[in-house]
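>>> Turn this into a model:
(chains A and B)
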There are 2 protein chains.
Amino acid sequence: MRRGTNLPAIGGYNQAVVLDAVRRQGEGLSRSEIATVTGLSAQTVTNVARRLLDLGLIREGGTVIDGPGKPRTLLQLVARGRFAVGVHIDPAVVTAVLLDLEGAVVEQRRVPTPSASDPAVVVDLIARTVDTLIDRSGVDADLVLGIGLASPGPIDVVEGVVLDPPMLPSWRHVRLRQALGEATGLPVLLEKDVTAAAVAELWSSGQAADRRDFAFVYYGTGFGTGLVIGGEPIRGASSNAGDAGHMTVSATGRRCGCGRVGCVGSLITPHELVRRAVEGGVLTGADLSEEARREAVASGDRVDMALIGEAFGVLAERARDGDGGARAIVDDAARHLARAVVVLVNLLDVDTIVFGGPFWDAVGAEVLSVLGPEVRESPALVVKHPIDLAVSAIGADVAAVGAACLVLDHAYSPRPSALLISA
Amino acid sequence: MRRGTNLPAIGGYNQAVVLDAVRRQGEGLSRSEIATVTGLSAQTVTNVARRLLDLGLIREGGTVIDGPGKPRTLLQLVARGRFAVGVHIDPAVVTAVLLDLEGAVVEQRRVPTPSASDPAVVVDLIARTVDTLIDRSGVDADLVLGIGLASPGPIDVVEGVVLDPPMLPSWRHVRLRQALGEATGLPVLLEKDVTAAAVAELWSSGQAADRRDFAFVYYGTGFGTGLVIGGEPIRGASSNAGDAGHMTVSATGRRCGCGRVGCVGSLITPHELVRRAVEGGVLTGADLSEEARREAVASGDRVDMALIGEAFGVLAERARDGDGGARAIVDDAARHLARAVVVLVNLLDVDTIVFGGPFWDAVGAEVLSVLGPEVRESPALVVKHPIDLAVSAIGADVAAVGAACLVLDHAYSPRPSALLISA
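Predicted structure coming up:
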C-alpha cells in the first residue's frame, strides 16, 4: 500500500535533499542557491541548514559577493563529518574500505578470503579487519555510521545470508549480517556486489552524477551487471537482480556449468581466458609458473584466484603488446561481451554502460576497441540513441566502495521511497 | 537534480493517495479507515475527501457500524466520474477503448490499421475512431481526461513520434502525438505498447495489485516485454525498454532480420509458427485458403496479419486437439520462450511473469505446460524464489487498456515522482 505524507517525514527528507545539494557542489552553496536548486522555501532551507550544522554534517565556509546585497555565506560538506565502512567479499580477497562523506577512501585493507568452512572463522576475520581498518584510520569510531557488505549473489537480504555463490564453496548459508553486526556493534547492510558497484557510480560526484540509466558491467572473478534505471538501482524481488551470465552469445565454446554452450559468463571470465591461453600455447612455461599453468587448465569451483590473476596479468600484458594469440583471445571475449551488452541495451534502454571491477583495467582498452564498434554497429541494436561506453573512475575496489556508499545512501540520500516508508 | 518538498505539492499527492486507497477497496472505506491505510492524519483525510467529493471522483455511500460510536460513512469511487481513451496501434488493427475510473472497458472499437503512407490519413482515422468511441458510449466528453497511445517501439516520446517499428512500414516518423492532440482536442500520452500492457496489470485491481516485480510477456504480431520493478514501470533512457527479441535461444532455426540465427523474437512469432506449419506439411490446402498459405511462407515486413492470424488460429486449434505436428511447433516455441524467460528472471530478479497479448490465449495453456517446467527446472536459473507464471486477466486488448490506464495513472496515481517534479 502506498502511504500518504504527513509533515514529520518531510524533515528528514528535506535534510537529505539539502545535504545532497551541498555534497554535489564541491565548493559549497549559499542558502539562497540551495533554495533555487532544491525548490525548497528560504525558510525551510534556513531551518534544515541549522540542523545540519548542529549535526556537524555541513559547515559555514567562505562568503560570495554576487550582487549589491550583503555577501552570502557558503555552506560546505564536512567531508569527515561521518564515515562508512564497505566490505567486499570476493572469492580471492576480502576488501574493506573506510569512506568519508565525500566518498573518498580514507583507509583500505585487504585480506585473503578465508577458505575455512567454519562461519565463525569467516565472521571473526571480517570483524577484525573492520576493527583494524577503523583503528588505523584514526577516525573517531562514533562517527562511523555502519558497514555495507557486498557479496556475490545469490544473497538472502531478508535473512542477511550469503546463499551459494559460485566459486565461494565455504560461504553457503552463513548468517553474515547478523553475526557481523554482533561482532562489531555496527549496523550492517547486505547487497549483491554488482548492485553495490552501481550504487558507487550513482553516489560518486562528477560526470557519473548525471547518469540515470546505466548498466555497470563488473569484471571480477565472474561477470555480472549492476542495473540503474531512472537514477534508482534495480534490485528485484529478492535483491538478486543483475545476473547476466547465462545469456547465450556463441554457438561454440566451453560448456557452462548450466549444461549449455555459449553462456557469456562462462566464456569471458579471467579463468576461461587464461585456460584458452595455456591450452592454445599462447602462454607457456616460459611465461608462467608450473602452478599457475596447472591452475589455468583446472576445472571446478575451487580455483586459486591469485594464480589465475597472475596468469591473467601476463595474458593482458601480451595483448597490450600486440601479441596476435593473446589479442585473439581478448578480442573473442570482447565480441561475446558485446552481444550481451546489446541485449542489455535493448531490454533496459540504458544509454550508458560503465565497465569496471578488479580485472577490467588490465584489458579494458583492448576490449573496448573491439566491443565499441560491435555494439554500435550491431544490426540487432534496437534503440536509436547514442550509447556511452564509460570506464568506472572508482577502480578495482568499486564493490567495496559501493558497499560503503550504500550506508551513506541509506542515511543521507533523498530517496522518495524513504519519505513514503517513514510517513 | 532531486528536488525538495514544499507543502503545495503534497495536496495533489495526498489526493492521489486517498483516491488510490478508495479505488483499491471496491466496497468503499470510511474516513478513519483511509487514515489508517494511508498514514495520513484524520484532518488531512477530511480535507482531501471534501475536495474529491467536489470533483465528483468519490461519493458518500452506505454507513457501517463497527463499534459503539456513531456509524461511519463509506467513501466510494465514482466509477463514471472520469474516463480515459486508450488506443493501440498494432500492425493488423487499431484498437480503441474507453475506460472508466475502475478500469472497466465502457466502449470498444477496432479498425484495420491503415496501410496508407500519408500520415494525415492515419491521424484522421484514429481521431475519427476516438470521436466515434466517445459518441457511442454516451459519456459526457468533458469527463474524458485524455488519450493514451500505445505503439510498437521504437518510439520517440520527446517528439511524440513513432519511429520505424518492424512490420509497420508506413508509420515511420509520424508526429502522432501532436497531430492526434490537435485533431481531437485532448491531451495525448505516447507509450510503447509492451510498457502500456505492464501498466494495465499494475492499474488493475485484484491479485495483480500485489505484483511489484514482473515482466509482461506480450505475444502479438511480435514478441516484447513490459518490465515493472518495485511497482514502477521500467522505461529506460528513451522509453524504449523491453525489447527482448534478439536474445539468442537456439543454435538453429530461421535467420533473424539482424543476420543471426536463434533470436527468440524471430523464432516464436505467430508468422514463424505458421510458416513452419505450412512448410512442414502440418497445415495443408485442406486446412487453409491458398491466400493464407501463401502469406504464411512469405517473407519481409509487409505480411497480412489477418491471414497470418487465420492460419495461426487453425494451428493453435490443432495443437489443442493434440495433433503431434502442431504440438511440436508450439512446444519448440515454448522452449525458446522459456530460455528468454530464464534470462529475464536472472537479470531482473522478477518473481512473476504475466503472459498476454492478442495471440496468447490460443496457445497459452499448451505453451505454459512446456514452459513452466523448462523455466523452473532450468539449471541456468540463478534466483532461489518461486516464479509465478500468470496469465493476464485483461485479455487481447491489454495494450489499449494499458494506454488508457496511463492517462488514469498520470492523473491519479500517487507516484513519488509526481511529488518531486511538482515541488
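>>> contacts and neighbour counts: CA atoms only from here.
Fine.
>>> in the stretch 51-200 of chain A, what residue is nearest chain B?
Residue nearest to chain B within the stretch 51-200 of chain A: A:Pro154 (6.7 Å; CA to the nearest CA).
>>> so that residue makes contact with A:Leu163?
Yes. Shown here, A:Pro154 and A:Leu163 form a contact pair, counting by CA atoms under 8 Å, at 5.5 Å.
>>> Centre of the chain to the helix or strand in which A:Thr129 is found, how far?
Using DSSP states H and E, A:Thr129 maps to helix A:119-137. Computed by CA atoms, centre = their mean, to the nearest Å, the chain-centroid distance of helix A:119-137 equals 21 Å.
>>> Remind me what the helix or strand following it packs against, helices and strands.
The element immediately downstream of helix A:119-137 (helix or strand, assigned by DSSP H and E) is strand A:144-151. When contacts are defined as 3 or more CA pairs under 8 Å, 6 or more residues apart in numbering or on different chains; DSSP states H and E, strand A:144-151 sits against strand A:83-89, strand A:188-192, helix A:193-203, helix A:398-412.
>>> and if we set it to 10 Å?
With contacts defined as 3 or more CA pairs under 10 Å, 6 or more residues apart in numbering or on different chains; DSSP states H and E, strand A:144-151 has these neighbours: strand A:83-89, strand A:93-100, strand A:161-162, helix A:176-184, strand A:188-192, helix A:193-203, helix A:398-412.
>>> quick one: pLDDT of A:Pro68?
On pLDDT, A:Pro68 comes in at 75.
>>> Counting neighbours, what do you get for the residue nearest to A:Leu98 when sequence neighbours are not counted?
Counting by CA to CA, 6 or more residues apart in numbering or on different chains, the nearest residue to A:Leu98 once its immediate chain neighbours are dropped is A:Val85, at 4.6 Å. A:Val85: 33 surrounding residues under other CA atoms under 10 Å in any protein chain shown.
>>> Who does A:Val85 form a beta bridge with?
Taking DSSP bridges as the rule, A:Val85 bridges to A:Leu98, A:Ile147.
>>> quick one: contacts for it?
A:96-100, A:105-108, A:130, A:133-134, A:144-149, A:186, A:188, A:400-408 (CA atoms under 10 Å, 6 or more residues apart in numbering or on different chains).
>>> now A:Ala333: how far from A:Gly257?
Plainly put, A:Ala333 is 18 Å away from A:Gly257 if you go by CA to CA, to the nearest Å.
>>> can you check A:Gly62 too?
Per CA to CA, A:Gly62 is found 60 Å from A:Gly257.
>>> May I ask you to name the longest helix in chain A?
Taking DSSP state H as the criterion, chain A has its longest helix at helix A:324-348.
>>> Give the buried residues for that helix.
A:325-327, A:329-348 (16 or more other CA atoms under 10 Å in any protein chain shown).
>>> Now do the strands in the stretch 151-300 of chain A.
Shown for the stretch 151-300 of chain A, the strands assigned by DSSP state E, counting those that start in this stretch span residues A:155-156, A:161-162, A:188-192, A:214-219, A:223-229, A:232-233.
>>> taking these together, which one is wrapped up most tightly?
The highest mean neighbour count among the strands of the stretch 151-300 of chain A, using mean count of other CA atoms under 10 Å in any protein chain shown, belongs to strand A:214-219: a mean of 27.
>>> Tell me the strands beside it, with direction?
Per DSSP bridges, strand A:214-219 is paired in its sheet with strand A:223-229 (antiparallel), strand A:352-356 (parallel).
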